[in-house]
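1. starting from these lines, generate the structure:
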Amino acid sequence: MDRTGRTGPFSRRRLVAVCTATALAVPGLAALSPAARAADADLARNGGFESGLDGWTCTAGGTVTSPVRSGGSALQATPAGSDHAQCSQTVTVKPDAQYTLSGYVRGSYVYLGATGTGTTDVSTWTQSAADWQKLATTFRTGPSTTEVTIYTHGWYGTGTYYADDVSLVGPGADAGQPPAAPTGLTVGTVNSSSVALSWSAVAGATGYAVYRDGVKVRTVTGTSATVSGLTPSTAYSFQVAATNDAGESAKSSTVTATTSAGSGGGSSDLPPHALVGYLHAGFANGAGYTRMADVPDSWDVIDLAFGEPTSVTSGDIRFDRCPATECPTVESDADFKAAIKAKQAAGKKVLISIGGQNGQVQLTTTAARDTFVSSVSKIIDTYGLDGLDIDFEGHSLSLDASDADFKHPTTPVVVNLISALKTLKAEYGAKFVLSMAPETFFVQLGYQYYGTGKWGGQDPRAGAYLPVIHALRDDLTLLHVQDYNSGPIMGLDNQYHSMGGADFHIAMTDMLLTGFPVAGDANNVFPPLRPDQIAIGMPASTNAGNGYVAPAEVTKALDCLTKKTNCGSYATHGTWPGLRGLMTWSVNWDRFGSWEFSTNFDRYFG
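-> Numbers count the residues shown, from 1 in each chain. Below is the predicted model:
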């Protein structure tokens with residue numbers, strides 16, 4: 001999905017960083033007294049990388065078994081472009097205390113340092129270490145400092161570096177006491193699949209654990225939570241415990257609730273034919289800003305564009321609403337949330353869409369996967385959303401050279417994404433709306449090419465969405481492939497089809513509803529999806545993206561796929577009157593085009 005890109009002052013940042021690192025590389029370590037040594041401990045978690053990247057957050061890299069300084073693993077990371085491949089972890093420390101940070105490194109321009117010390121942040125580095133070389137520095141925490149972040153990184157364009165046996169030696173933080181048990185636990189809204197709970201705040205608590213029938217099911221930072229995924233007409237008991245760094249409190253008193261019988265209306269409650277559109281909620285472009293309350297009733301699913309990661313591999317997704325300086329007509333958070341509730345009361349679904357053109361997301365580690373789940377849950381809970389749309393583009397998904405079977409993927413970014421989405425679906429239950437908006441390169445191109453291919457040399461991103469779609473086909477509400485901004489794609493007639501007319505949409509959609517052999521292997525067939533899972537992705541106007549087709553061509557595509565009439569040169573393999581509908585980029589561009597796209601949809605489906 002298109003939006004404005006971002007750039008930054010690379011050359012100035014590099015010069016400042018070199019000067020800073022050089023100035024802080026002070027030889028010699030302050031001696032610790034015998035009394036201090038007696039209370040000291042190594043506070044770094046997994047400093048030898050024996051448990052992979054557990055405890056570390058890395059923008060790039062992973063663990064290797066050679067070279068290692070000790071044990072069986074070490075960190076290997078390679079700076080690329082404007083990323084210097086930093087790995088960091090946040091450590092709990094004691095205020096006004098002395099610490100020694102050390103580690104062993106190999107490679108050119110390797111840095112070791114600490115930030116957030118409350119006094120003077122420190123770092124040390126080596127310009128060249130052909131073999132393992134120890135780096136060490138010391139610092140004293142400030143009078144109110146309870147956490148510091150330690151890190152290692154390389155430098156732009158200087159090649160791979162290695163790190164091992166990183167330690168932070170000093171006094172551990174006082175354990176303190178767990179908070180008191182929460183009071184005032186109350187049941188709020190109850191429906192067939194969820195129960196809303198709230199309770200009073202507890203002094204000293206940093207979070208709360210929610211228990212259902214004695215089993216912990218949610219952790220939250222606020223004083224309310226909705227427990228989803230429940231069975232209709234079933235009684236449940238709930239308790240809450242308060243948590244902080246010292247541990248968990250005793251559980252609160254128990255409350256009970258019985259879910260309603262449910263409507264039996266299906267897992268997503270979408271209408272038989274639905275219109276899906278992306279709303280530019282976080283940015284402005286040539287289409288202008290559209291307030292949530294001003295989105296017409298034509299739109300059945302509204303995808304908020306976009307949630308984006310703090311870094312490519314962090315898994316930490318943030319949703320920032322458009323600032324008033326960029327979108328002068330932007331509504332307040334309160335009005336935005338109220339408008340979402342009004343849409344939902346009218347039967348509409350509002351989702352957070354993750355990714356887009358700028359939001360590259362690579363869940364390279366299980367830690368990033370878990371962060372993805374928790375950060376996406378926070379967005380959903382904050383705005384009371386109905387689900388999640390995955391719009392991973394660019395280099396978010398690609399396949400390892402050894403990963404050749406879409407039914408049994410092994411590539412970490414694929415496996416971790418599947419795991420994260422299954423976790424979110426289980427957390428929120430049957431009503432959770434899960435959709436995906438891949439480009440044709442990642443789906444239909446898989447008919448010809450999959451990953452790097454048997455002999456290598458192909459783009460590893462080819463067909464990379466197929467294992468994700470396949471693993472989640474029973475959980476997937478909607479798949480709306482972007483039939484735009486695409487090169488020519490071979491259809492099941494073994495002819496190339498190009499954007500600009502109904503035939504392209506017919507051929508691309510027929511592939512999803514018929515299934516196809518992956519990379520031409522008749523023994524490895526991607527099974528068809530249900531027609532109620534498919535919406536056709538199209539640009540709303542000529543301004544919205546390459547591949548726009550006029551309303552008459554949209555009607556031709558729908559006629560051919562749902563009635564087998566008005567077809568062109570491509571012969572479909574079936575007729576699917578239950579086709580769910582259309583997706584478009586975007587609501588804003590449709591408004592810019594005088595609502596041409598949505599008006600045509602309403603005219604066709606009534």
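
2. how close does A284 sit to S598?
-> 21 Å (CB to CB, to the nearest Å). No exception for glycine: its C-beta is placed from N, CA and C like everyone else's.

3. no no, I354
-> Distance of I354 to S598, given as CB to CB: 24 Å.

4. try V295
-> Here V295 is placed at a distance of 10 Å from S598 (CB to CB).

5. with G491 instead?
-> Applying CB to CB, the value for G491 to S598 is 28 Å.

6. name the residues that touch whatever helix or strand Y211 lives in?
-> Following DSSP states H and E, one finds Y211 within strand 207-212. Identification of contacts with strand 207-212 by CB atoms under 8 Å, 6 or more residues apart in numbering yields 182, 197, 199, 202, 216-223, 225, 227, 236-244, 248, 251.

7. which among these end up buried?
-> Buried by 16 or more other CB atoms under 10 Å: 182, 197, 199, 202, 217-218, 220, 223, 225, 227, 236, 238-244, 248, 251, out of the contacts of strand 207-212.

8. restricted to strands, list those.
-> 197, 217-218, 220, 225, 227, 236, 238-244, 248 (DSSP state E).

9. common neighbours of V295 and S598, please.
-> Residues touching both V295 and S598 (CB under 8 Å, 6+ apart) are G277.

10. what sits against T141?
-> Applying CB under 8 Å, 6+ apart, we find T141 in contact with 93-97, 99, 117-119, 148.

11. separation between L197 and G387?
-> Distance from L197 to G387, counting by CB to CB: 21 Å.

12. same question, P412
-> Using CB to CB, P412 is found at 25 Å from G387.

13. ramachandran angles for T115?
-> Dihedral angles of T115 (phi, psi; degrees, to the nearest 10) stand at phi -130, psi 160.

14. please name the bridge partners of it.
-> With DSSP bridges as the criterion, the beta-bridge partners of T115 are T149.

15. retrieve the pLDDT associated with it.
-> For T115, the model assigns a pLDDT of 95.

16. what do you get for N358?
-> 84.

17. just checking, it touches G307?
-> No. Contact criterion CB atoms under 8 Å: N358 and G307 do not qualify, at 11.3 Å.

18. more neighbours: I354 and S598, which one.
-> I354 (26 against 22; other CB atoms under 10 Å).

19. for that one, give me the pLDDT.
-> At I354 the predicted local confidence, pLDDT, stands at 97.

20. repeat that for T221.
-> Predicted confidence (pLDDT) for T221: 81.

21. who does the nearest residue to it once chain neighbours are set aside bridge with?
-> Nearest non-adjacent residue to T221, counting by CB to CB, 6 or more residues apart in numbering: G207, 5.1 Å away. According to DSSP bridges, the partner residues bridging G207 are T243.

22. can you tell me how far G207 is from N244?
-> Separation of G207 from N244 (CB to CB) stands at 8 Å.

23. and D475, by the same measure?
-> Distance from D475 to N244, by CB to CB: 35 Å.

24. ok, L135 next?
-> 34 Å.

25. need the residues that contact the helix or strand encompassing N524.
-> Using DSSP H and E, N524 falls within strand 521-526. The set of residues external to strand 521-526 that reach it, using CB under 8 Å, 6+ apart, is 405-407, 446, 466, 470, 515-518.

26. circling back to that earlier point, looking at P412 and G387, which is more packed in?
-> Counted by other CB under 10 Å, P412 and G387 do not tie: G387 has more neighbours, with 22 against 18.

27. residues contacting the more buried one?
-> By CB under 8 Å, 6+ apart, the contact list for G387 reads 349, 351, 380, 428, 432-435, 477.

28. about what we covered before: reformat the contacts of strand 521-526 as a markdown table; add secondary structure and pLDDT.
-> What follows is these, written out as a markdown table (DSSP: H, G, I helix; E, B strand; the rest coil; pLDDT from 0 to 100):
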| residue | secondary structure | pLDDT |
| --- | --- | --- |
| D405 | coil | 94 |
| F406 | coil | 96 |
| K407 | coil | 94 |
| G446 | helix | 97 |
| L466 | helix | 98 |
| H470 | helix | 95 |
| G515 | coil | 94 |
| F516 | strand | 95 |
| P517 | strand | 95 |
| V518 | strand | 96 |
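
29. surely L424 forms part of a helix?
-> Yes. Checked against DSSP: H, G, I helix; E, B strand; the rest coil, L424 lies within a helix.

30. how about the contacts made by it?
-> Residues near L424 by CB under 8 Å, 6+ apart: 373, 376-377, 388, 432, 434.

31. ok so, going back, so how far is the strand holding N524 off the chain centroid?
-> Relative to its parent chain, strand 521-526 has a centroid offset of 30 Å by CA atoms, centre = their mean, to the nearest Å.

32. cool, stretch 527-543 as well?
-> 22 Å.

33. flag every buried residue along it.
-> For stretch 527-543, burial by neighbour count (16+ other CB under 10 Å) applies to 528-529, 531-541.

34. next: stretch 577-586.
-> Residues 579-586 are the ones in stretch 577-586 that count as buried (16+ other CB under 10 Å).

35. among those, which one sits closest to G154?
-> G154 has its nearest neighbour among the buried residues of stretch 577-586 in W585, at 37.8 Å by CB to CB.

36. which ones are touching that closest one?
-> So W585 contacts 1-2, 277-278, 482, 484, 537, 539-540, 544-545 (CB under 8 Å, 6+ apart).

37. which residue in these has the weakest pLDDT?
-> Pick the lowest pLDDT in these and you get D2, at 58.

38. before we move on, back to that, and the pLDDT for the residue nearest to T221?
-> pLDDT, G207: 89.

39. alright, I will stop here.
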